[in-house]
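*Asks:* Starting from these lines, generate the structure:
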Amino acid sequence: MKIIIVRHGQTDENADGGLALRTSEILLNEEGILQAEKLGHHLKNHKITHAYSGPLKRAIATAEKVLAHHPEAKLVAVDHLDEQHLGVAETMPKAQWKEIKKKSTEPWYLFKAEKGESYTQMQARVKKFFHQLLQTHKPDDTILIVSHGGTLGVLLLDILEKELNEENYRAHQPKNTEFTIVEISPDGFKKIHVLNSREHLV
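*Replies:* All right, here's what the predicted structure looks like:
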């Protein structure tokens, strides 16, 4: 089974260095659309059979650009691939939220806003989806997953069997339309072909 893991294309919030929050339905900007189109062309020979994305428009739009070259693959939007839930912080100014995080004495992976979700909780939900996917698909399937930087950052740590800490997370969080290809054999052996590649943008 081959799995292609992609972060969505650029949005204006990404370009400004801000957070594209879970509740934000911001669309891909002009650069993000171009990134997704380039990625779709780059992946056109991979014969994608199935596709999943988070439910937000920026993830769906990126997946659709890739799937333009794979018309038989049906896209399914799933909540498990949504961005991190920030609870009350969704409506806070970004500077205020960052200051609250900075002052917190809780471990990085456990800290969360009220009614929000920690990195540990986010990893648990995306990990659950990923392992269910491995159980339900055939060995010769090629699967596209399109999601968000936070969600994929913690998923990649699980796939790579690395500790969930801030240093590892920052090192593995993909940038816009960076993609990873992992091949998983029936016995569970994982081979990473590329990790957070941006070769389509060069």
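*Asks:* who touches stretch 107-118?
*Replies:* Outside stretch 107-118, the residues within contact range by CB atoms under 8 Å, 6 or more residues apart in numbering are 84-89, 97, 100-101, 104, 119-121, 164-166. From N, CA and C alone the C-beta is placed, and that goes for glycine too.
*Asks:* Can you tell me which of those are buried?
*Replies:* Among the contacts of stretch 107-118, those classed as buried by 16 or more other CB atoms under 10 Å are 84-86, 89, 97, 119, 164.
*Asks:* Among the contacts of stretch 107-118, name the least confidently predicted one.
*Replies:* Ranked by pLDDT, those bottom out at Trp97, which has 81.
*Asks:* how near is the closest residue to it other than its chain neighbours to Lys103?
*Replies:* Of all residues not flanking Trp97 in the chain, Ala89 sits nearest, at 4.6 Å (CB to CB, 6 or more residues apart in numbering). The gap separating Ala89 from Lys103 is 13 Å, by CB to CB, to the nearest Å.
*Asks:* quick one on the thing from earlier: can you list the buried ones among the contacts of stretch 107-118 in TSV and add distance to Leu39 and secondary structure?
*Replies:* Output for the buried ones among the contacts of stretch 107-118, formatted as TSV (distance: CB to CB, whole Å; DSSP: H, G, I helix; E, B strand; the rest coil):
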residue	distance to Leu39	secondary structure
Gln84	23	coil
His85	27	coil
Leu86	27	coil
Ala89	30	helix
Trp97	30	helix
Tyr119	26	helix
Leu164	27	coil
